[in-house]
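**Student:** please find the sequence and the predicted model below.
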Amino acid sequence: MTTLMSNSLPVWDDLQPGDSLSPLQLPPITRLTLALYCGASGDHNPIHVDSDFAKAAGMPDVFAHGMLSAAWLARLLTGWVPQSAIRSLDVRFAAITHVGERITCTGKVAEKFEQHGKRCARLALTNTNQDGMIKLAGDALVAWP
């Protein structure tokens, strides 16, 4: 199994199922991160930035936007291949990501195949916290010219 890192397409013949992308390790999630994401994304749902609102909704505190976690997986992908090679990114939310958690994004080549004359790879992706709990899982499809 090889660890893959680049920002250009890997050599097709060298790519093997089971190869891992270099992990993306993020700093602990802070309230500032959530506030900045609110402004950048336009998602101003108070459950992500207002502790009183979150507690009134039955949550212990604010928590990260699901789409922020998805964006981290996209960042993992664009650190591996050019954005133009990404054909799809599908995610499934598994658990809430709380303030203070340290998220690591990982990816692994699940399969190589040809589709409509294009060489493609499907990747299995995950975001996990420092305890190994999966917060987000997904897959991506990448194509070679």
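**Tutor:** Yep, it's here.
**Student:** when you work out contacts or count neighbours from here on, use the C-alpha atoms and nothing else.
**Tutor:** Will do.
**Student:** now do the helices in the protein.
**Tutor:** Secondary structure of the chain (DSSP state H): helices at 31-41, 51-56, 66-78.
**Student:** below-threshold pLDDT in the protein: ranges please.
**Tutor:** 1-7 (pLDDT under 70).
**Student:** let me have the helices of the chain in CSV, extended by distance to residue 21 and mean neighbour count.
**Tutor:** What follows is the helices of the chain, written out as CSV (distance: least, Cα to Cα, whole Å; neighbours: other Cα atoms under 10 Å):
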stretch, distance to residue 21, mean neighbour count
helix 31-41, 25, 15
helix 51-56, 35, 15
helix 66-78, 8, 19
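**Student:** what about the strands in this protein?
**Tutor:** Applying DSSP state E to the chain gives strands spanning 3-4, 20-21, 24-25, 86-93, 104-115, 118-128, 134-144.
**Student:** these into TSV, with extra columns for distance to residue 56 and mean neighbour count?
**Tutor:** Output for the strands of the chain, formatted as TSV (distance: least, Cα to Cα, whole Å; neighbours: other Cα under 10 Å):
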stretch	distance to residue 56	mean neighbour count
strand 3-4	45	14
strand 20-21	40	22
strand 24-25	32	17
strand 86-93	23	15
strand 104-115	30	19
strand 118-128	27	21
strand 134-144	23	20
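**Student:** gap between the residue positioned nearest the centre of the chain and residue 35?
**Tutor:** What sits nearest the mean C-alpha location of the chain, by Cα atoms, centre = their mean, is residue 73, with 1.7 Å. Applying Cα to Cα, to the nearest Å, the value for residue 73 to residue 35 is 20 Å.
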